[in-house]
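Visitor: Structure here, sequence nowhere to be found:
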């Protein structure tokens with residue numbers, strides 16, 4: 001399961017940014033450069049270069065464009081997971097990439113951001129990922145939930161049934177996951193130790209039949225525990 005077990009070291013959040021569009025890459029790097037405590041320490045124009053950089057550097061967050069030459073973002077994510085690199089990965093996407101999203105979730109992506117998102121969403125998302133959380137912009141969250149509109153009611157009912165089987169504390173933790181909170185933020189809001197939150201998350205993943213925080217967050221959203229739609 002994709003759950004960080006160690007707190008990140010003190011210092012700025014080190015980000016690897018991979019996108020084959022030089023202007024988009026410069027724009028995203030510029031946005032992150034305005035934020036205190038975030039540094040884009042490596043940039044790549046395709047997935048193969050991103051893999052090499054990820055193996056050579058200490059990183060806290062990886063941002064991958066879904067569509068890139070040589071090696072696309074999905075296959076890069078897959079190889080990062082196969083190498084068991086304990087670094088959270090978020091996908092940079094457009095609405096035209098819809099058919100890739102489910103595969104990215106399955107492979108363990110912990111964040112999804114639209115390239116046209118409000119800069120504050122991107123900055124907050126990078127911080128959440130570095131802190132052990134999952135993050136996706138509100139528009140991406142709505143898109144992920146609604147991309148199979150005919151099955152939406154069934155998914156909502158299934159999610160509500162799954163949540164009904166949780167304890168009150170598990171539901172509280174799941175709500176925090178649905179809001180994109182990190183383990184530390186959930187612990188503070190519920191007056192728990194961070195290690196206790198991690199234990200709840202393990203039991204939650206088992207109870208919900210999920211493999212990572214994004215899958216759990218989507219269930220929270222479908223059950224009405226996530227942020228306002």
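Guide: That came through, no problem. Treat the numbers as computed from the prediction; the structure is a model and nothing was measured.
Visitor: any idea how far the closest residue to residue 66 other than its chain neighbours is from residue 112?
Guide: Distance criterion CB to CB, 6 or more residues apart in numbering; nearest residue to residue 66, sequence neighbours excluded, is residue 73 at 4.2 Å. Where C-beta positions appear, they are placed from N, C-alpha and C, glycine not excepted. To residue 112, residue 73 is 11 Å away according to CB to CB, to the nearest Å.
Visitor: Mind listing the shared neighbours of the two?
Guide: Between them, residue 73 and residue 112 have 91, 104 as joint contacts when contacts are counted by CB atoms under 8 Å, 6 or more residues apart in numbering.
Visitor: These two: which is more packed in?
Guide: residue 73 (29 against 26; other CB atoms under 10 Å).
Visitor: I'd like the distance between residue 179 and residue 194.
Guide: To residue 194, residue 179 is 17 Å away according to CB to CB.
Visitor: more neighbours, the two?
Guide: Applying other CB under 10 Å to residue 179 and residue 194 shows that residue 179 carries more neighbours, namely 19 against 15.
Visitor: Ramachandran angles for that one?
Guide: phi -90, psi 0 (degrees, to the nearest 10).
Visitor: before we move on, what about residue 64?
Guide: phi -120, psi 130.
Visitor: what pairs with it across the strands?
Guide: Per DSSP bridges, the residues bridged to residue 64 are residue 18, residue 91.
Visitor: does it really touch residue 87, like I thought?
Guide: No. When contacts are counted by CB atoms under 8 Å, residue 64 is not listed as touching residue 87 (11.2 Å).
Visitor: neighbour-wise, which of the two wins?
Guide: More crowded of residue 64 and residue 87, by other CB under 10 Å: residue 64, with 29 against 19.
Visitor: Now do the contacts for that one.
Guide: With CB under 8 Å, 6+ apart, residue 64 has these contacts: 18, 47, 50, 73, 76, 77, 89, 90, 91, 92.
Visitor: I'd like those as TSV, with distance to residue 205 appended.
Guide: Converted to TSV, the contacts of residue 64 look like this (distance: CB to CB, whole Å):
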residue	distance to residue 205
18	28
47	28
50	27
73	24
76	24
77	19
89	18
90	19
91	21
92	26
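Visitor: domain ranges for the protein?
Guide: The chain breaks down into these domains under automatic domain parsing: 13-146, 151-222.
Visitor: Serialize the ones you listed to TSV and add fields for mean pLDDT.
Guide: Shown next, in TSV, are the domains of the chain (pLDDT from 0 to 100):
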stretch	mean pLDDT
domain 13-146	88
domain 151-222	85
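Visitor: What are the boundaries of the strands in this structure?
Guide: For the chain, strands defined by DSSP state E occupy the ranges 13-18, 38-44, 61-65, 89-93, 111-114, 135-136.
Visitor: most tightly surrounded among those?
Guide: Most buried of the strands of the chain, by mean neighbour count (mean count of other CB atoms under 10 Å): strand 135-136, with a mean of 30.
Visitor: Which neighbouring elements make contact with that one?
Guide: In terms of contacts (3 or more CB pairs under 8 Å, 6 or more residues apart in numbering; DSSP states H and E), strand 135-136 is packed against strand 111-114, helix 119-130.
Visitor: Brilliant, that's me finished.
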